[in-house]
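Colleague: what's the 3D shape of this:
(2 chains)
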Amino acid sequence: MAHRFESVAQVRQGLKDVNYLADDGIAGVAYLADRLGKPVLVEGPAGTGKTQLAKSIAEITGSRLIRLQCYEGLDESKALYEWNYKKQLLRIQADKNSDSWSDVHDDIFSDEFLLTRPLLEAISAPDPVVLLIDEVDRVEVETEALLLEILSEYQVSIPELGTITAKQIPMVFLTSNNTRELSEALKRRCLYLHVDYPSMDREKEIVLARVPEVSDNLADQIARIVRSIRQLDLKKSPSVSETIDWARTLVLLGIESIDAQQAKETLHVLLKYQTDIAKAAKELSVDK
Amino acid sequence: MLDLLAGFVTELRNAGLPVSLTENLDAMEAVQHIPIEDRDAFKYALGATMVKNNAHWRAFETVFEVYFSMRGPEYNIADGDTDLDEMWREMQEQLREGDNRGAQGGSMDQLTPEELAQMLMSALMNGDQAMMRALARQAVQRFAGMEPGRPVGGTYYLYRTLRNLDLDSMLDKLMEKSREEVGGELTPLEERLEHDEYNDRIEQFKKEIEAEIRRRLVADRGAEAMAKTLRKPLPEDVEFMHASRDEMQNLKKALQPLTRKLAARLARKRRHGRKGPLDFRNTVRHSLSYGGVPAEPKFKYPRPAKPELMVIADISGSVAAFARFTLMLVYAIQGQFSKVRSFVFIDGLDEVTDYFRGEEDIANAIHRVNTEADVVWVDGHSDYGHAFEVFWERYGKDVGPKTTVLLLGDARNNYHASQAWVIKEIRQKARHVYWLNPEPKSYWNTGDSIVGDYGTHTDGVYECRNLRQLEGFVEKLA
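Modeller: Predicted coordinates:
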């Protein structure tokens, strides 16, 4: 089977071209995922670009992104497949008299009456796809088992139809905010990638890449202030996406270099808890 | 290669990381796709396949560094490091041009400590990584006083090196320097940013020193022996009573996601398993709408009452950390209890429930507990007996059949009277009484520990030396 990537450097460059600045770990794991044909479990704090990684990979490989958003109560019929019950009923009633029972029976359990849901769609797709299973930690432990077959064998078993095997192995990304421990069985089948807050230099580059209007000097200042804020003991540290929002805000306000007053006034873009804002303002001695 | 990886996996397992067989196989396959000379890529390939928990990453890194440290060209310990020497020469020239102080030339070994400090300062100032690494090597060579075969741990050498470098005053000097450069006062914001920046660089420098020491130790003793001594416990296995300051920081960080997970798990547990026996009366009532046919069976849903919790914690020096963590954990999941009241004592006792009320930041409340609570009665040495007596006198009437009482402490009573009868009384009124002891079981009832005296009157005494045990107990409780 043809591989999507030639080398780690290529992955990295490709991601950079679509404005996603990966570090060695991220690019390396994405490369390995392609080579080994294994899903990637991406964990880390909210807003560090886990979902974006899947989107960017889809973009550089020119694949379609199929997304399954997980939530509590997600079940087979929402994730895998469902029989189109109404259509089946119609089929039975349409020619009540003509067909024999066995004909109808075979007919109503055919592809025509199958509603594919994201997981089935991903493996039955003829074109290259990237499958994103978002926030997998939100489903119950029991539902996790649903994913195991598709993750390790790239196939789905439907009792009435038999086993559907993937025509091509899709790249699979699972993201988790780590609100609960995922089961060993799931972890074992995946490559593990932890995406943390970026280093100061990388964050600066991210800001420069995502907000082109920002000046080098301002980006540097932003990255440094954000790093200082992250060192504080906060309820919710500012995420990368919030840093970008902040940079946009500052650009819109036409600020070239941040002083204490401006920082204080725009802190609410970075931090979402009143106690955090007060703490940061005090720590940065902005409120004088 | 195969043997090498197998050895590495054994080492990881020894360090407490769960590496399964399939993960091991994955790793073997993964490294085949990676150019073997790329050390970082190699590390990430192993990490991605074998380490599935972020908390374990640090342990993995240490094992990796030690295990593979002797097996790379950049890790040669030979003193004639050409590129380093070159860089060092350049640096000297810069120095000479800079302030005409003219170092003596030759190699780094001939520098005076002042010059070394000077160079370190400029390296930190400019954030010059290569120079910092070179200086770290030099500093270790000079100050650590490492001798082959000396049976001391790495921390000892680290301490010696850092003491000689005096990095704390370095920070002040750096701040002064940057103030001079700007020419005048920095705004508070700038000052803060500069401060953090230098702090970060100094931390980096410390890490370089640590790595250097480790490298030398490995060269001296061999990787296998070192892996054993450098093995650090995972955050959830660190003992409360013997945690260093760094470990405390890590513990605090580990506590937050842990409480979040615990709360989610408990909430889920509550919702699940709510199938009770048939509710006959209700079924008959509903059968009326089906003309007397019990078509829709109704069941009794058990509604387990949320326990009311009273935490009584010893916060004297030796067990303070433990009390702090338990209080934090309990308050983080207080939604699982109908009511939480907390009391702290040393030899006097004080209620601290109010500190937690309306306070969003638990850490803040804990801080207030430590500073404001009135817990000293005579001399500030633990007196469980007196504290329990006071509790019984003042709050005994509040203990009811729904109350679960948690007692935290090592029961080292300094040979005071035990007053164990209080516990007996409490147990008669309360639903449950548990004792959590942060000491290892083998220390119980030795010296002035009288946990046995109290323990006989409780529903159970539990050993809670680390986060893992504490978490396990709290889950059982709620």
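
Colleague: what's around B:L288, how many residues?
Modeller: By other C-beta atoms under 10 Å in any protein chain shown, 10 other residues sit near B:L288. C-betas here are computed from N, CA, C, even on glycine.

Colleague: now the host helix or strand of A:E149, how far from the centre of its chain.
Modeller: Counting by DSSP states H and E, the element that carries A:E149 is helix A:141-153. Centre-to-centre, helix A:141-153 and its host chain are 18 Å apart (C-alpha atoms, centre = their mean, to the nearest Å).

Colleague: now for whichever helix or strand comes after it, which elements pack on it?
Modeller: Counting by DSSP H and E, the element after helix A:141-153 in chain order, helix or strand, is strand A:155-158. Contact partners of strand A:155-158 among helices and strands, from 3 or more C-beta pairs under 8 Å, 6 or more residues apart in numbering or on different chains; DSSP states H and E: helix A:118-124, helix A:141-153, strand A:162-165.

Colleague: each with direction, which strands does strand A:155-158 pair with?
Modeller: Paired strands of strand A:155-158, with direction, are strand A:162-165 (antiparallel) (DSSP bridges).

Colleague: outside of the partner strand, which residues touch it?
Modeller: By C-beta atoms under 8 Å, 6 or more residues apart in numbering or on different chains, the surrounding residues in contact with strand A:162-165 are A:L120, A:I123, A:S124, A:E153, A:Y154, A:Q155, A:V156, A:S157, A:I158.

Colleague: the third one: neighbouring residues, count only.
Modeller: Neighbour count of A:S124, defined by other C-beta under 10 Å: 17.

Colleague: leaving aside the residues next to it on the chain, what's closest to it?
Modeller: A:I164 (5.9 Å; C-beta to C-beta, 6 or more residues apart in numbering or on different chains).

Colleague: likewise the second one?
Modeller: Among residues not flanking A:I123 along the chain, A:A166 sits closest, at 3.9 Å (C-beta to C-beta, 6+ apart).

Colleague: what sits against residue 177?
Modeller: This is for chain A. Going by C-beta under 8 Å, 6+ apart, A:N177 touches A:E43, A:G44, A:P45, A:A46, A:E135, A:D137.

Colleague: wrong chain, I was asking about chain B
Modeller: In this structure, B:K177 makes contact with B:M121, B:M125, judged by C-beta under 8 Å, 6+ apart.

Colleague: which helices and strands sit right next to the host helix or strand of A:W246?
Modeller: Element membership of A:W246, judged by DSSP H and E, is helix A:240-252. In terms of contacts (3+ C-beta pairs under 8 Å, 6+ apart), helix A:240-252 is packed against helix A:200-210, helix A:216-231, helix A:260-270.

Colleague: how far does the second one sit from the chain's center?
Modeller: It refers to helix A:216-231. On the basis of C-alpha atoms, centre = their mean, helix A:216-231 sits 26 Å off its chain's mean C-alpha point.

Colleague: packing partners for that helix?
Modeller: If contacts are counted by 3+ C-beta pairs under 8 Å, 6+ apart, helix A:216-231 sits against helix A:200-210, helix A:240-252, helix A:260-270, helix A:274-283, helix B:188-221.

Colleague: contacts for it?
Modeller: By C-beta under 8 Å, 6+ apart, helix A:216-231 touches A:197, A:200-201, A:203-204, A:207-208, A:211, A:214, A:237-238, A:243, A:246-247, A:250-251, A:255-258, A:263, A:270-271, A:280, A:283-284, B:189, B:192-193, B:196-197, B:200.

Colleague: any chance of a PyMOL selection covering the buried ones in the residues you listed?
Modeller: Selection of buried members from those for PyMOL, criterion 16 or more other C-beta atoms under 10 Å in any protein chain shown:
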select buried, (chain A and resi 197+200+203+204+207+208+211+214+237+238+243+246+247+250+251+258+263+270+271+280+283+284) or (chain B and resi 189+192+193+196+197+200)
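
Colleague: for B:D383, list the residues it contacts.
Modeller: Shown in contact with B:D383 (C-beta under 8 Å, 6+ apart): B:I346, B:D347, B:W377, B:N413, B:N414, B:H416.

Colleague: on that earlier part again, what's the average pLDDT for the helix holding A:W246?
Modeller: The average pLDDT for helix A:240-252 rounds to 89.

Colleague: okay, the angle between it and helix A:200-210?
Modeller: Orientation check (axes from the mean of the first three to the mean of the last three C-alpha atoms, to 10 degrees): helix A:240-252 against helix A:200-210 gives 60 degrees.

Colleague: helices along the stretch 51-200 of chain B, start to end?
Modeller: Ranges of helices in the stretch 51-200 of chain B, per DSSP state H, counting those that start in this stretch, are B:57-68, B:82-99, B:113-126, B:129-143, B:154-165, B:167-182, B:188-221.

Colleague: can you tell if the fourth one touches chain A?
Modeller: Pointing back at helix B:129-143 there. No - under the criterion of C-beta under 8 Å from any C-beta of the partner chain, chain A is not reached by helix B:129-143; the shortest gap measures 11.3 Å.

Colleague: tell me which residues in that helix are buried?
Modeller: Using 16+ other C-beta under 10 Å as the test for burial, helix B:129-143 gives B:131-143.

Colleague: for the longest one, same thing?
Modeller: For helix B:188-221, burial by neighbour count (16+ other C-beta under 10 Å) applies to B:189-198, B:200-202, B:204-206, B:208-219, B:221.
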